[in-house]
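# pasting the structure only:
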């Protein structure tokens, strides 16, 4: 009896044999090392390749002479000024409008908040060329509202600004919604007790509390505008900007050093704004403490009516752009025969890629969502939940964390250019990947890695560390705990990441436009090719198909999330 008891006490709990400490350290090292190596190969080396290409020419090493020659070229500095002017004006228009919209959704008793929020986020489902196509149908040379412009043309500065405003608005809105959602009601009670009016309270409490979110929104809008070539491609006319010049240099002129140099110039503002944003966020203190009281907006009919009118105007603009593009896709022959027809959806009988492009995009989005979500959560789990013991392990974790944040600072156009110069090099042993679906999947995962990673780390940090401690005391391997406990508990966030990656893969064009081959052409690239060929109706139709596919996938993942959470996570529901 005593011998049996002693033997049972010495036996590991649940009959499991504890893994040696060196095995856990080796597994963590291999996992973080593999993640760091993957990000280095598919992010760091392409960026190094584009930097090398910008200082070489056909004769070899050229140093800064390539950059100097491009900068000294006719009209180049003016083109830089035009790019920054478009980015600045778009930012000045979008960020205040998005702030007011987000304020109405979070700080007022606005009716129909769900419908307004849905309308505001719809542009996320569309490729960046859609607003340009819709503006052509509205205000082009044969547009519906051409008579209202007094002879002015949509092609040029204001056309680009209007299209980029549509494209960047939901990105700014999501950042500002997060910033405005955090509010300590005690501050507003104190302001009212001291006799501060609504405007003074806004200037002294609300705006200072959201200044970091405002700065982040400005950085995102400016960077997305300056580095996007979809809208300028459709409505830019002769108003040339940097992103469009980089695209023409590579695709049209085969001038790779020029394309690389412009890519480096496009990378600089993105890196600068990213670094400033990270520095400001590091200095930001906690906005909510354990003693904070939730903020509840009081009744105010005048305020709610004003924000309803403003939000309604913004939502109407967004829905108008989408509605015109969808309606135009069913027109038989614009503007001579406005009867409805499915003629524009006969993709196989026109240039662009046909229905194969749509099927390829579904494959790309599916693989990106599946592999990307698993990679992101495993990587975030190793960084946040697995202790790193030793200098080497901590250094590897720091390197992987730094590389995980880098994609946010790299515009898609720059990443795509880097992939050309690195993977299309005959001397590269990975050259066989160029033009294949696996490379498109890897590029897309890397492009959108940072946002997904931050979502995963936020969800993981919300879990109590006691879960890992309990599994360790029961001798359960950490990887088993991850798949059986951690990942199921983070299921809503995991499905959010999958939805984000799927929709982003369906709509992206800037990073993959240089990487596809005829068998792997994508739907968003097909829109670009159709517009080049003059098939603007079919281009609108393909945009409609992309939006419908993205919306269907997002809805299915949302319903799956609700069903799985209700079935497997009853603990999330409040007790009766």
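Thanks, I have the structure now. Keep in mind that this is a model prediction, so the values were computed, not measured.
# show me what contacts residue 303?
Counting by Cβ atoms under 8 Å, 6 or more residues apart in numbering, residue 303 touches 108, 198. Using the backbone N, CA and C atoms, a C-beta is placed for each residue, glycine as well.
# do you know how far it is from residue 358?
45 Å (Cβ to Cβ, to the nearest Å).
# now swap in residue 216 and tell me
Residue 216 is 34 Å from residue 358, by Cβ to Cβ.
# and if you look at residue 271?
Taken as Cβ to Cβ, the span from residue 271 to residue 358 is 35 Å.
# just residue 320 next, same as before
25 Å.
# who's more crowded, the two?
Set residue 320 next to residue 358 and count neighbours by other Cβ atoms under 10 Å: residue 358 wins out with 20 against 13.
# Just name whatever secondary elements the stretch of helix or strand that one belongs to is in contact with.
In this structure, residue 358 sits in helix 354-384 according to DSSP states H and E. Packing contacts for helix 354-384, counted by 3 or more Cβ pairs under 8 Å, 6 or more residues apart in numbering; DSSP states H and E, involve helix 21-39, helix 391-405, helix 437-447, helix 449-461, helix 491-507, helix 523-532, helix 536-568.
# could you pull out the helices for the stretch 151-300 of the chain?
Secondary structure of the stretch 151-300 of the chain by DSSP state H, counting those that start in this stretch: the helices cover 157-181, 185-193, 198-201, 207-209, 211-227, 230-235, 242-247, 256-283.
# just to revisit the earlier point, of the helices and strands packed on helix 354-384, which stretch is the most buried?
helix 523-532 (a mean of 25; mean count of other Cβ atoms under 10 Å).
# and that one, what other elements does it pack with?
helix 129-139, helix 230-235, helix 354-384, helix 491-507, helix 536-568.
# what is the orientation angle of it with helix 536-568?
170 degrees (axes from the mean of the first three to the mean of the last three Cα atoms, to 10 degrees).
# What lies in contact with helix 523-532?
127, 129-130, 133, 230, 233-234, 347, 350-354, 357-358, 360-361, 506-509, 512-513, 516, 521, 536, 538-539, 542-543, 545-546.
# what's the model's confidence in stretch 261-277, averaged?
What stretch 261-277 shows for mean pLDDT is 79.
# what do you get for stretch 318-337?
Here the average pLDDT along stretch 318-337 is 90.
# can you give me the end-to-end distance of that stretch?
Stretch 318-337 stretches 26 Å from its first residue to its last (Cα to Cα, to the nearest Å).
# Now do stretch 120-138: distance to the chain's middle.
16 Å (Cα atoms, centre = their mean, to the nearest Å).
# can you give me the end-to-end distance of that stretch?
Length of stretch 120-138, first residue to last, Cα to Cα: 20 Å.
# cool, and stretch 237-248?
14 Å.
# What residues sit buried inside that stretch?
239, 240, 241, 242, 243, 244, 245, 246, 247, 248 (16 or more other Cβ atoms under 10 Å).
# show me what contacts the third one?
Translated: residue 241. Applying Cβ under 8 Å, 6+ apart, we find residue 241 in contact with 79, 82, 83, 86, 160, 226, 229, 232.
# If we use 10 Å, what do you get?
79-87, 157, 160, 225-229, 231-232 (Cβ atoms under 10 Å, 6 or more residues apart in numbering).
# mind checking how far the closest residue in space to it that isn't next to it in sequence is from residue 240?
Distances taken as Cβ to Cβ, 6 or more residues apart in numbering place residue 83 nearest to residue 241, at 4.4 Å, with adjacent residues excluded. Distance, residue 83 to residue 240, using Cβ to Cβ: 9 Å.
# Overlap of the contact sets of the two?
residue 232.
# my read: residue 353 touches residue 535, true?
No - counting by Cβ atoms under 10 Å, residue 353 stays clear of residue 535, with 11.5 Å between them.
# May I ask which helix or strand encompasses residue 47?
helix 45-53.
# Between helix 437-447 and that helix, find me the angle.
Going by the same axes, to 10 degrees, helix 45-53 makes 90 degrees with helix 437-447.
# tell me the angle of helix 45-53 relative to helix 256-283?
130 degrees.
# Could you pull out the buried residues of helix 45-53?
Buried, per 16+ other Cβ under 10 Å, within helix 45-53: 45, 46, 47, 49, 50, 51, 53.
# Please tabulate the residues you listed in JSON lines, including the columns distance to residue 98 and pLDDT.
Listed next are the buried residues of helix 45-53 as JSON lines, based on distance: Cβ to Cβ, whole Å; pLDDT from 0 to 100:
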{"residue": "45", "distance to residue 98": "36", "pLDDT": "91"}
{"residue": "46", "distance to residue 98": "32", "pLDDT": "92"}
{"residue": "47", "distance to residue 98": "30", "pLDDT": "89"}
{"residue": "49", "distance to residue 98": "36", "pLDDT": "88"}
{"residue": "50", "distance to residue 98": "32", "pLDDT": "88"}
{"residue": "51", "distance to residue 98": "34", "pLDDT": "86"}
{"residue": "53", "distance to residue 98": "37", "pLDDT": "82"}
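# Max pairwise distance over these: which two?
45 and 53 (12.4 Å; Cβ to Cβ).
# Residues in contact with both of those two, list them for me.
418, 421, 422.
# Does residue 417 touch residue 250 like I think?
Yes - if you go by Cβ under 10 Å, residue 417 and residue 250 touch, sitting 6.7 Å apart.
# Return the residues in contact with residue 258.
Counted by Cβ under 10 Å, 6+ apart, residue 258 has contacts 53-54, 57, 66-67, 69-70, 73, 245-246, 248-250.
# In space, what's closest to the most centrally placed residue in the chain - neighbours in sequence excluded?
Centroid-nearest residue in the chain: residue 448, 5.7 Å away (criterion: Cα atoms, centre = their mean). Distances taken as Cβ to Cβ, 6+ apart place residue 504 nearest to residue 448, at 4.8 Å, with adjacent residues excluded.
# List the contacts of the one you found.
Counted by Cβ under 10 Å, 6+ apart, residue 504 has contacts 124, 365, 368-369, 372, 412, 444-445, 447-448, 451-452, 511, 550.
# What separation do you get for residue 562 and residue 555?
For residue 562 relative to residue 555 (Cβ to Cβ), the value is 11 Å.
# residues of the helix holding residue 358 that come out buried?
Under 16+ other Cβ under 10 Å, the buried positions of helix 354-384 are 354, 356-358, 360-369, 371-373, 375-384.
# ok, now stretch 417-437?
417-424, 433-437.
# Let me know the average pLDDT across it.
On average, stretch 417-437 scores 90.
# Tell me who's in contact with residue 333.
339, 341, 343, 344, 537.
# Looking at the buried residues of helix 45-53, which one is closest to residue 310?
residue 47 (41.3 Å).
# Surely the closest one touches residue 403?
No - taking contacts as Cβ under 10 Å, residue 47 lies outside contact range of residue 403: 11.1 Å.
# quick one: residue 160 from residue 500, how far?
Distance from residue 160 to residue 500, by Cβ to Cβ: 26 Å.
# Correction: the previous question concerned residue 303.
Taking Cβ to Cβ, one finds residue 303 at 33 Å from residue 500.
# And residue 387, by the same measure?
29 Å.
# next one: residue 215
23 Å.
# next one: residue 439
21 Å.
# Kindly report the same for residue 487.
Residue 487 is 17 Å from residue 500, by Cβ to Cβ.
# What mean pLDDT does stretch 383-402 get?
78.
# roughly how far is it from the heart of the chain?
Counting by Cα atoms, centre = their mean, stretch 383-402 comes out at 26 Å from the chain centroid.
# and that stretch, how far apart are its ends?
11 Å.
# Check the burial of residue 157 by counting its neighbours.
Around residue 157 there are 16 residues (other Cβ under 10 Å).
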